[in-house]
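# prediction below, plus the sequence it came from.
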Amino acid sequence: MEGASHGGTSPDYLEKGEKEEVKQELRKSRRLYNDGKYYTRKKVKGVKDRKTSWRRRVVEEHSIPDDVPLNPDTLSKYTKCSPSALRK
C-alpha cells in the first residue's frame, strides 16, 4: 500500500514543518499497524481538536455552554438525570 494516494493526510492550515511531522507519524502508525502493533501518534501543536457530533447534539439539546466539560456530574445538572444513570 506504500505510495497509495489517500488525498489530504494533513490539514492545509498547518505549517510546513508540522505537516511533515503529521505525515511521519501517520506513516509510522500505518507501518506498525501492518506489523500487528498499535501506535499512538504524538500530538502536533498546530492541529485543532474537533468537537464530536455527540457533544454538539447534547449541547444544543440541553442548552449547555460550550466551555462546560461534559462529564456525568455536570450533565446531570443540565439533564436532571442522576450521575449513576448517565455512567451506564
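Good, I have the coordinates.

# per-residue pLDDT, Arg87?
The per-residue pLDDT reported for Arg87 equals 79.

# what's near enough to touch the closest residue to it other than its chain neighbours?
Spatially, and ignoring its direct neighbours in sequence, Arg87 is nearest to Pro72 (5.2 Å; CB to CB, 6 or more residues apart in numbering). Quick note: C-beta positions are derived from backbone N, CA and C, even for glycine. By CB atoms under 8 Å, 6 or more residues apart in numbering, Pro72 lies in contact with 83-84, 86-87.

# mind redoing it with 6 Å?
83, 86-87 (CB atoms under 6 Å, 6 or more residues apart in numbering).

# just Glu18 next, same as before
44, 46.

# check the burial of Val22 by counting its neighbours.
Val22 has 19 neighbours, counted by other CB atoms under 10 Å.

# should've said Leu70
16.
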